[in-house]
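Visitor: whatever this is, show me its structure:
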Amino acid sequence: MTEPTSAPYPQEELLPVPEGAARATSSAAKGARTAAENLPVARVVVDTPLPHLDRPFDYLVPASMDADAAPGCRVRVRFAGQLADGFLLERLADSEHQGRLAFLERVVSPEPVLTAEIAGLARAVADRYAGTLSDVLRLAVPPRHARVEAEARPDAGQGSAPEAGSVSPVTWSGDAWAAYPAGERFLTALAEGLSPRAVWPALPGTGEGGPSWPRAIAAAVRAALASGRGAVAVVPDGKDVALVARALGDTPHVAITAELGPAERYRRWLRILRGEVRAVVGTRAAAFAPVADLGLAVIWDDGDDVHSDRHAPYPHAREVLALRAHRAEAGMLIGGYAVTAEAAQLVASGWAGPLVPPREEVRAKAPRVRPAGDDAELARDEAARAARLPSLAWRALRHGLETGPVLVQVPRRGYLPALACQHCRAPARCGAQRLPGPVCSGPLALRNGHAAPYCRWCGRIAGDWRCPSCGGTRVRAVVVGARRTAEELGRAFPSVTVKTSGRDGVLATVGTAPALVVATPGAEPVPEDGYSAAVLLDGWALLGRPDLRAAEEALRRWMNAAALARPGAEVVVLADSAVSVVQALLRWDPVTFAERELADRAELGFPPAVRMATLTGPPAAVREMLADTRLPDGAQVLGPVPVDGGLERAMVRVPRDRGPVLAKVLKGASGVRSARKAADVVRVNIDPLDLI
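Guide: The predicted structure is shown next:
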């Protein structure tokens with residue numbers, strides 16, 4: 001932990017106490033209080049967003065709170081003249097601070113909710129992302145629920161792992177990894193107490209039990225449990241949590257998702273903390289689950305942007321788990337149908353090894369992918385032409401519906417999310433005056449085929465819209481969403497049931513009966529026996545995004561959808577076959593694509609080959625922070641450039657081994673601005689996903 005400050009505390013942060021060996025304090029309002037005889041000093045991390053106060057502070061433990069003030073408990077302290085929440089990190093015999101110390105105001109709960117391991121991990125994550133410890137702890141420790149905390153609990157050993165003899169033996173099997181030459185060795189190493197780390201491009205395909213990857217993760221978790229250690233598995237969403245939880249079956253585990261609600265979520269989190277279970281599966285918050293003696297950390301589909309937290313300091317679950325596995329000397333498994341450049345970097349550095357299936361297994365289980373980007377011929381059926389289906393896609397859907405459900409992936413949600421003038425093709429924009437500011441100019445969209453256009457920014461109905469360029473009053477679709485696609489396919493296949501899955505409602509599963517399933521990326525329902533065919537529409541919408549990760553993200557979304565098809569089923573992708581990412585999909589070769597992507601980024605100087613930080617804020621504030629910051633050797637400053645909302649953004653690039661130094665100096669610069677009480681905030685983000 002960060003060393004406590006050696007400078008005198010500001011007087012407004014303290015209750016006055018006289019000098020003396022006992023360090024007792026007196027207050028007319030509170031009466032006389034004496035410090036605890038044993039370990040009277042409490043080191044506390046105070047919940048404050050100010051970067052220049054990101055350090056632990058020392059307080060005195062009143063004798064009346066001696067029994068409850070245990071390391072890891074929640075406390076209330078007097079800080080800057082106000083009561084503030086905090087966590088008690090440790091008890092000490094004396095303090096290095098030579099001034100006066102204030103007493104703890106209250107022990108909120110004696111439950112030691114912050115373990116030493118999670119406190120150290122939170123400190124490492126804060127340093128990695130140039131953030132504060134209190135910000136990370138808000139992500140790591142869920143809010144207290146007093147009623148749940150007061151429920152029946154073990155009489156002793158709270159917050160600690162059960163003894164080795166009390167852990168029920170767990171049996172494991174390597175059947176789920178039989179297709180991987182190194183799979184059995186990986187599981188055996190886990191069961192023997194070793195810590196292997198691997199990047200795992202999973203085989204596609206589904207069976208009667210659904211996809212095979214949840215069973216493989218469950219087998220790895222059981223192998224770690226068999227060694228007497230714990231395991232944490234992080235997956236993108238609740239649907240994936242349910243798949244892994246079902247695969248774990250009777251193996252004692254806890255599933256944590258945001259949908260549980262605060263009470264149930266805290267109840268399950270306490271079961272982990274108290275050592276009642278050692279296996280956890282959940283979404284990104286589960287990366288901080290207080291599992292004792294961690295033996296394995298798993299993350300599935302690490303390229304999904306939901307693994308990146310949208311709250312400061314914006315940590316990514318993959319990096320959190322990698323830090324945790326490194327600190328705890330635990331194993332790690334990074335899995336997915338696709339492979340990210342970050343995972344390829346871990347293999348290239350030697351930190352992890354590849355866990356790949358042989359090519360003959362890939363050919364046996366992969367679908368048959370065909371591109372339709374060069375197919376200018378539309379199906380002869382008039383309804384299919386209206387549905388934007390090339391003849392190849394039309395035939396694939398028609399033949400697939402003869403034997404089961406078919407999947408249609410649409411990269412855009414909604415009905416018609418972008419419109420343009422039908423005559424001159426100028427984008428249709430809102431013309432409403434938004435007082436006291438200028439005209440809104442937001443994009444117009446349609447909710448359904450009978451509604452008037454509306455503004456996606458201000459919500460105004462634009463029934464009187466007129467093109468400012470040519471005066472036209474009619475609009476055309478620029479981008480077609482999932483609901484409009486479902487409507488068009490319903491007309492093309494009038495006798496077939498059409499199901500949709502997206503933000504308005506996600507289907508978890510789909511049966512074996514013939515049906516058209518229209519889904520947005522990530523919302524594809526899991527078929528009971530695999531899709532008999534799939535069509536991946538509008539590939540240009542994914543590949544044409546102004547994003548550093550556009551190609552990588554397109555391959556990830558395509559492979560996640562195509563992997564749900566039956567082995568040998570026809571999958572049609574509407575994209576140019578000459579593009580390298582399409583070729584990777586056709587060959588089902590994510591490893592080679594990730595290695596080439598990493599090499600390209602190294603040549604161009606992009607993460608993960610380098611470390612990059614963005615500074616976003618008002619123009620004057622960004623420039624002032626850059627001028628006042630002593631950047632590490634080899635740093636390059638790109639920008640600042642204007643971004644939305646009148647802000648500017650600058651990027652700072654350093655070699656990968658200088659990343660910790662960059663995070664330290666940027667955090668220090670934020671602390672200087674905080675201490676000066678600068679009016680404008682500059683947001684610092686290390687290796688952000690939305691770099692471009």
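Visitor: could you use CA atoms for every contact and neighbour count after this?
Guide: Will do.
Visitor: mind saving the C-alpha coords of the biggest helix by length in the chain as CSV?
Guide: Determined from DSSP state H, the single longest helix within the chain is helix 659-675. C-alpha atoms of helix 659-675 as CSV (Å, rounded to 0.1, in the frame of the first residue of the first chain):
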residue,chain,number,x,y,z
GLY,A,659,3.9,2.4,-19.4
PRO,A,660,4.1,2.3,-15.5
VAL,A,661,6.1,5.5,-15.6
LEU,A,662,3.6,7.2,-17.9
ALA,A,663,0.7,6.2,-15.6
LYS,A,664,2.6,7.5,-12.5
VAL,A,665,3.4,10.9,-14.0
LEU,A,666,-0.1,11.4,-15.4
LYS,A,667,-1.6,10.5,-12.0
GLY,A,668,0.8,12.9,-10.4
ALA,A,669,-0.3,15.7,-12.8
SER,A,670,-3.9,15.0,-12.0
GLY,A,671,-3.0,15.3,-8.3
VAL,A,672,-1.4,18.6,-8.8
ARG,A,673,-4.4,20.0,-10.6
SER,A,674,-6.6,18.6,-7.8
ALA,A,675,-4.5,20.2,-5.1
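Visitor: and that helix, what's buried?
Guide: 659, 661-674 (16 or more other Cα atoms under 10 Å).
Visitor: go on, stretch 76-96?
Guide: Neighbour counts over stretch 76-96 (16+ other Cα under 10 Å) mark Arg76, Val77, Arg78, Phe79, Asp85, Gly86, Phe87, Leu88, Leu89, Glu90, Arg91, Ser95 as buried.
Visitor: now for these: which two are most distant?
Guide: Asp85 and Ser95 (20.8 Å; Cα to Cα).
Visitor: would TSV of the buried residues of stretch 76-96 with secondary structure and pLDDT be doable?
Guide: Shown next, in TSV, are the buried residues of stretch 76-96 (DSSP: H, G, I helix; E, B strand; the rest coil; pLDDT from 0 to 100):
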residue	secondary structure	pLDDT
Arg76	strand	94
Val77	strand	94
Arg78	strand	93
Phe79	strand	91
Asp85	strand	95
Gly86	strand	95
Phe87	strand	96
Leu88	strand	96
Leu89	strand	95
Glu90	strand	94
Arg91	strand	93
Ser95	coil	89
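Visitor: which one among the residues you listed gets closest to Gly645?
Guide: Nearest member of these to Gly645, counting by Cα to Cα, is Asp85, at 33.8 Å.
Visitor: what about the closest residue to that closest one other than its chain neighbours, distance to Ala35?
Guide: With sequence-adjacent residues excluded and distances taken as Cα to Cα, 6 or more residues apart in numbering, Asp85 is closest to Arg76, at 4.7 Å. Arg76 sits at a distance of 16 Å from Ala35 (criterion: Cα to Cα, to the nearest Å).
Visitor: again, but for Pro367
Guide: 70 Å.
Visitor: surely Val358 and Tyr180 touch.
Guide: Just so we're on the same page, residue 358 is Pro rather than Val. Yes: look at Pro358 against Tyr180 with Cα atoms under 8 Å: they come within range, at 7.0 Å.
Visitor: more crowded one of these two?
Guide: Tyr180 (19 against 12; other Cα atoms under 10 Å).
Visitor: check the secondary structure at that one for me.
Guide: coil (DSSP: H, G, I helix; E, B strand; the rest coil).
Visitor: so how many other residues sit close to the closest residue to it other than its chain neighbours?
Guide: Closest residue to Tyr180 apart from its sequence neighbours, by Cα to Cα, 6+ apart: Pro357 at 4.7 Å. Residues contacting Pro357 under the criterion other Cα under 10 Å number 19.
Visitor: so which helix or strand takes in Pro357?
Guide: Assigned by DSSP states H and E, Pro357 belongs to no helix or strand.
Visitor: how about the strands in the stretch 501-650 of the chain?
Guide: 509-510, 516-519, 526-527, 531-536, 565-573, 610-617, 636-642, 648-655 (DSSP state E, counting those that start in this stretch).
Visitor: state the mean pLDDT of the longest one.
Guide: Along strand 565-573, the predicted confidence averages to a pLDDT of 94.
Visitor: can you pull out the residues in contact with it?
Guide: With contact meaning Cα atoms under 8 Å, 6 or more residues apart in numbering, strand 565-573 is reached by 204-206, 364-373, 392-393, 396, 529-537, 539, 562.
Visitor: just the buried members of those residues?
Guide: Buried among the contacts of strand 565-573 (16+ other Cα under 10 Å): 204-206, 365-373, 392-393, 396, 529-537, 539, 562.
Visitor: which ones among these map onto helices?
Guide: Cross-referencing those against helices under DSSP H gives Lys365, Leu392, Ala393, Ala396, Gly539, Ala562.
Visitor: what's the closest non-adjacent residue to the first one?
Guide: Ranked by Cα to Cα, 6+ apart and with sequence neighbours excluded, the top spatial neighbour of Lys365 is Pro567, at 4.6 Å.
Visitor: for Ala364, see how far away the one you found is.
Guide: Counting by Cα to Cα, the separation of Pro567 from Ala364 is 7 Å.
Visitor: point out where the stretch 51-200 of the chain drops to low pLDDT.
Guide: 152-174 (pLDDT under 70).
Visitor: and the helices in it?
Guide: Under the criterion DSSP state H, counting those that start in this stretch, helices of the stretch 51-200 of the chain are mapped to 116-128, 133-140, 146-149, 183-191.
Visitor: dump those helices into CSV; add mean neighbour count as well.
Guide: Converted to CSV, the helices of the stretch 51-200 of the chain look like this (neighbours: other Cα atoms under 10 Å):
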stretch, mean neighbour count
helix 116-128, 21
helix 133-140, 22
helix 146-149, 13
helix 183-191, 20
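Visitor: of those, which approaches Ala451 most closely?
Guide: Closest among these, using Cα to Cα: helix 133-140, at 41.7 Å.
Visitor: chain center to that closest one, what's the gap?
Guide: 15 Å (Cα atoms, centre = their mean, to the nearest Å).
Visitor: try stretch 516-526
Guide: 20 Å.
Visitor: can you give me the end-to-end span of that stretch?
Guide: The straight-line separation of the ends of stretch 516-526 (Cα to Cα) is 13 Å.
Visitor: got the contact list for it?
Guide: Counting by Cα under 8 Å, 6+ apart, 210-211, 401, 405-413, 482, 485-486, 496-503, 506-510, 557, 560-561, 564 sit against stretch 516-526.
Visitor: and the residue nearest the centre of the chain?
Guide: The residue lying closest to the centre of the chain (Cα atoms, centre = their mean) is His307, at 1.2 Å.
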